[in-house]
Structures are given as C-alpha cells and as structure tokens.
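Q: dropping the sequence and predicted coords here.
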Amino acid sequence: MKIHLIGIGGIGVSALAQYYLEKGHQVSGSDLVVSEITDFLRNKGIKIFIGNFAKNISKNLDLVVCSPAVKPQNVEYKQAKKYKIKIQTYPEALGDLTKEYYTIAVAGSHGKSTTTAMLALVLIKAGLDPTVIVGTKLKEFGNSNFRIGKSKILVIEACEYDSSFLNYYPKIIVVTNIDKEHLDYFKTFANVKKAFDKFIKKLPEDGHLIQNISLNHPDANKIKKVLKVPGQHNIYNALAAFQVAKILLVPDEIILKALSEFRGTWRRFEEKNSKFKNLRIISDYGHHPNEVKATLQAAREKYPNKKIWCVFQPHQHQRTYYLFNDFVKIFRESLIDKIIITDIYDVAGRETKKINLGTSSEKLVKAVKKESVIYCATEDLEKFAKKNINSGEVLLIMGAGDIYKLAEKF
C-alpha cells in the first residue's frame with residue numbers, strides 16, 4: 001500500500017508511520033515545520049514534505065491518514081477527497097490496528113506516556129515482545145516512540161482529546177486518573193467523565209479494567225523499594241503497569257527488575273548536567289496544574305537542600321483560562337525557590353476561536369501575589385536565566401510547548 005500521513009511530525013502519527021513502514025508499505029508524510037521527529041522519520045526512509053501542498057497527494061495513494069489537528073479545509077485533505085482516496089483520522093487508523101491485536105490501552109488525564117513506557121519495558125523483559133505506540137520517545141526504543149513486536153500484543157497510549165479513544169477496541173484498559181483536562185473540547189468535567197465511562201464500556205466481557213488504587217497496596221511497597229524515578233505519581237504509574245503484567249502472568253520478580261531499570265522518558269523529569277555553571281537541568285512536559293504540582297514536589301523531594309528555579313510555559317490560552325485558579329493555587333503553595341512564568345504557547349489547529357479570553361502570563365503572575373513568582377518574556381528567558389542562576393543550582397524547565405529548546409541551550 002501507498003500511505004500518506006498529514007501532520008506526520010505529531011508524536012502519535014509518527015509512530016503509526018513507523019508501523020506502516022515496518023509492515024512494508026510505501027510511506028510519505030507532511031508537516032508544517034522541520035522537527036527532530038521529521039528528521040528521524042526521513043532517516044528511516046520515509047519521504048517527508050515540509051508544508052501542506054496539494055501536489056504532495058498523488059492519485060495512486062491507497063490511504064491518507066490525518067492528524068487530529070488537520071481540518072477539512074486543509075489543501076492536502078481536499079486533494080485526497082478530490083481523488084477519492086480513503087481518508088482516516090489517526091484515531092480511526094489506530095482503531096483498525098487495535099482490532100488485529102490483543103490491545104492494552106493506557107488512558108487517563110496524566111501519566112499515560114510514563115505508564116505505557118513502564119508497561120512496555122516490563123512486557124519486553126518478560127519476553128512477550130509487544131508492539132508499542134507511545135506518546136513519548138524512549139531510549140530503549142532507539143530514541144523512538146514506536147516498537148514493532150512479533151507477538152499479538154499491542155500496547156498503546158489512548159488519548160481522550162476529541163474522544164479519540166472511543167475508536168479503540170482494547171482487551172485491557174488502564175485508567176491512571178481522570179481530571180479537568182482538555183476543557184477546550186469537553187467544556188465541563190462531567191463531559192470528561194462521560195467520555196471515560198463510554199470508553200470503559202467498550203471492554204468485552206472477558207476484558208480487564210485497571211484503575212488507580214491506594215498507595216497502601218502491598219505491591220506499591222515493593223515498587224517503592226526499587227523505583228528510581230522520583231515522585232509519588234510515578235509509584236501510581238508503576239503500580240498500574242504491575243497490575244497489567246500480573247494479568248498477563250508475568251512473575252513479580254521480572255516486573256520489579258524491569259521497573260528498577262526504568263530511567264524515565266523524553267521530557268518527563270528528564271535530567272541532565274550542564275557545563276554552564278554546573279547546573280542540574282530538568283526538562284518536563286507537565287502543563288496541567290496537577291502535573292505541575294507533582295513535578296514541583298518531585299523536584300523538591302529529590303533536591304531538598306538545593307535552590308530550585310522553575311521556568312514554566314503555560315500551554316494554550318483556553319487551558320490557562322479554564323484552570324486559572326488551579327494554577328494560582330499551585331504556584332502560591334509551591335516550595336520552589338523561584339518560579340518564572342513565560343508567555344503562553346498556542347497549538348496550531350487547536351485554538352481556532354480567536355476569542356479574547358483576557359488571559360495572560362502576566363495576569364497569572366499578578367494573581368499569585370508572591371515575590372518568588374515572576375514573569376519573563378520568552379525572548380528574554382535565556383539571558384535572564386544565565387544572569388541570575390548561580391553555580392550548582394537546579395533549573396526545572398516545564399511545559400508542553402517549545403520551552404524544551406531552552407533546556408537544549410544549557
């Protein structure tokens with residue numbers, strides 16, 4: 001088959017592209033900008049177009065897969081329609097795959113990527129050889145977000161945004177937690193819960209549901225002793241992976257050995273040393289108030305006696321607007337020494353309603369009313385940080401946008 005993917009630089013779509021390539025299909029894709037992911041895919045042999053143009057769609061394509069951010073007015077989408085080529089969204093295409101495998105879907109507002117990664121590494125260690133599609137890059141996968149396996153087990157990260165996960169047909173569902181997330185789509189927390197309820201009801205009679213359980217669980221105590229990544233939230237993530245592995249009859253000792261070797265994922269409390277002033281740099285993807293809170297707590301637990309700076313980039317005006325008071329509370333209560341809030345990052349295709357929400361990073365800082373929480377414009381961040389941060393301190397760089405580039409500069 002000849003398959004073209006629009007928005008191939010996306011973390012999910014890029015994994016699906018690699019799956020098609022492994023299965024012997026001829027794969028091409030387009031994205032608006034060059035990125036680490038598009039370069040990685042090009043090096044794998046996928047034809048990459050930068051920019052969306054009608055000429056990228058040839059008449060002899062068998063399938064066009066679109067990122068959820070791609071709208072019907074997209075020129076490549078319209079050209080595929082004109083040629084009467086089969087078009088699927090990423091969730092629809094992945095949904096077809098889930099029917100072919102014994103699928104384990106990891107869902108939840110937070111912790112999906114880490115839990116999926118932990119579970120995948122446990123199953124690999126146990127010799128179950130799964131195929132894995134995860135929303136982050138893993139060193140164990142050659143810095144990729146995808147792994148092809150020879151067994152009939154498929155482990156996927158199942159996102160709730162746009163009710164995407166309702167396209168999937170899993171035999172095991174993990175729900176890490178349910179929170180006020182993606183309110184730009186769901187509008188209310190009640191709607192978030194309804195979507196998860198619908199997803200859980202897709203389980204067959206012989207299916208399994210793993211839900212968040214108490215940290216007093218006996219298996220949690222075993223995990224606490226071996227887990228190297230910091231934070232209570234990671235004990236919850238590991239506990240979910242542990243329970244799934246037990247359903248698949250993996251012995252406890254193999255599960256614990258794999259979890260003890262887990263070193264984290266791309267941009268989830270990812271630590272590096274910097275030659276500049278001997279700083280300890282932590283890069284983290286956290287962008288929801290509860291994720292931010294968990295990461296700040298984990299940083300303070302790990303470095304109780306060091307001065308910690310946090311640079312936080314809010315993600316989307318709508319999220320910042322809906323969760324404004326939650327952000328204020330978390331930053332006000334934080335034990336981090338200095339928090340720098342920079343400009344809000346907008347996601348292409350997600351905030352199409354150009355309504356004036358009256359939300360800004362400056363407004364957020366003013367509402368926190370704390371001397372240790374300040375605003376700095378994105379273009380001034382590097383200069384400010386290099387001038388003010390002292391030798392041997394910790395710099396935590398957090399957000400789901402392009403703020404990770406600041407970590408690379410150090």
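A: Yes, it's here. These numbers come from a predicted model, not from an experiment.
Q: burial count for residue 201?
A: 8 (other C-beta atoms under 10 Å). Quick note: C-beta positions are derived from backbone N, CA and C, even for glycine.
Q: who are the neighbours in contact with the residue most central in space within the chain?
A: Centrality entry for the chain: nearest residue to the mean C-alpha point is residue 135, 4.7 Å, by C-alpha atoms, centre = their mean. By C-beta atoms under 8 Å, 6 or more residues apart in numbering, residue 135 lies in contact with 11-12, 112-113, 116, 145, 157, 159.
Q: pretty sure residue 339 sits in a strand.
A: Yes: looking at residue 339 with DSSP: H, G, I helix; E, B strand; the rest coil, it is inside a strand.
Q: check contacts around it.
A: In this structure, residue 339 makes contact with 309-310, 312, 331, 372-374, judged by C-beta under 8 Å, 6+ apart.
Q: and it, how far from residue 300?
A: Distance, residue 339 to residue 300, using C-beta to C-beta, to the nearest Å: 12 Å.
Q: same list (the contacts of residue 135) but as TSV, adding distance to residue 197.
A: As requested, the contacts of residue 135 are arranged in TSV below (distance: C-beta to C-beta, whole Å):
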residue	distance to residue 197
11	26
12	23
112	18
113	23
116	21
145	28
157	20
159	16
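Q: pull up the overlap in contacts between residue 339 and residue 300.
A: With C-beta under 8 Å, 6+ apart, residue 339 and residue 300 have no common neighbours.
Q: in the one helix or strand residue 193 maps to, what counts as buried?
A: Assessed by DSSP states H and E, residue 193 sits inside helix 189-200. Residues of helix 189-200 classed as buried: 192, 195-196, 199-200 (neighbour count, 16 or more other C-beta atoms under 10 Å).
Q: swap in stretch 14-27?
A: 14-21, 26-27.
Q: can you name every helix or strand that the lengthiest helix in the chain contacts?
A: Looking across the chain with DSSP state H, the single longest helix is helix 232-247. Secondary-structure packing of helix 232-247 (3 or more C-beta pairs under 8 Å, 6 or more residues apart in numbering; DSSP states H and E): helix 112-125, strand 172-175, strand 208-211, helix 218-226, helix 252-260, helix 289-302.
Q: centre of the chain to the fourth one, how far?
A: For helix 218-226, the distance between its averaged C-alpha position and the chain's averaged C-alpha position is 25 Å (C-alpha atoms, centre = their mean, to the nearest Å).
Q: need the contact partners of that helix.
A: 214, 235, 238-239, 242-243, 252, 256, 259-260.
Q: and the strands in the stretch 51-200 of the chain, which stretches?
A: 63-66, 86-89, 102-107, 131-138, 144-147, 153-157, 172-175 (DSSP state E, counting those that start in this stretch).
Q: lowest average confidence across the ones you listed, which one?
A: Ranked on mean pLDDT, the bottom entry among the strands of the stretch 51-200 of the chain is strand 131-138, at a mean of 88.
Q: relative to helix 112-125, how tilted is it?
A: 120 degrees (axes from the mean of the first three to the mean of the last three C-alpha atoms, to 10 degrees).
Q: partners of strand 131-138, with directions?
A: strand 144-147 (antiparallel), strand 153-157 (parallel) (DSSP bridges).
Q: would TSV of these with mean neighbour count and distance to residue 175 be doable?
A: As requested, the strands paired with strand 131-138 are exported to TSV (neighbours: other C-beta atoms under 10 Å; distance: least, C-beta to C-beta, whole Å):
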stretch	mean neighbour count	distance to residue 175
strand 144-147	22	21
strand 153-157	26	13
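Q: figure out which of these is closest to residue 62.
A: strand 144-147 (20.9 Å; C-beta to C-beta).
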